[in-house]
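**Q** sequence unknown, structure follows:
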């Protein structure tokens, strides 16, 4: 018998930018503001890695039904 599990998928995108500023704190603020204003767009070209963490069995709460389902490629996993 198969069960449902919650799996957290975390993708990491990374990009280095040059920011003119008077201090590290100002550079951080300027980069953050520019990113929030979509001046820096990170996409698949900036992909650095992915992590998968099984959070446990899905307990069937209605809220969990809103989670995206894991796509099963190639059929059901074997038992």
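**A** Okay, I see it. As the structure is a computational prediction, the values presented were derived from the model and not from experiment.

**Q** Backbone dihedrals for the nearest residue to residue 47 once chain neighbours are set aside, please?
**A** Ranked by C-beta to C-beta, 6 or more residues apart in numbering and with sequence neighbours excluded, the top spatial neighbour of residue 47 is residue 13, at 6.0 Å. (Each C-beta comes from the backbone N, C-alpha and C, glycine too.) Dihedral angles of residue 13 (phi, psi; degrees, to the nearest 10) stand at phi -110, psi 140.

**Q** quick one: residue 13 from residue 36, how far?
**A** Distance, residue 13 to residue 36, by C-beta to C-beta, to the nearest Å: 15 Å.

**Q** repeat for residue 4
**A** From residue 4 to residue 36 the distance is 36 Å (C-beta to C-beta).

**Q** tally of neighbours for the residue nearest to residue 43 when sequence neighbours are not counted?
**A** Computed as C-beta to C-beta, 6+ apart, the closest residue to residue 43 that is not its neighbour in sequence is residue 13, at 7.4 Å. By other C-beta atoms under 10 Å, the residues close to residue 13 number 13.
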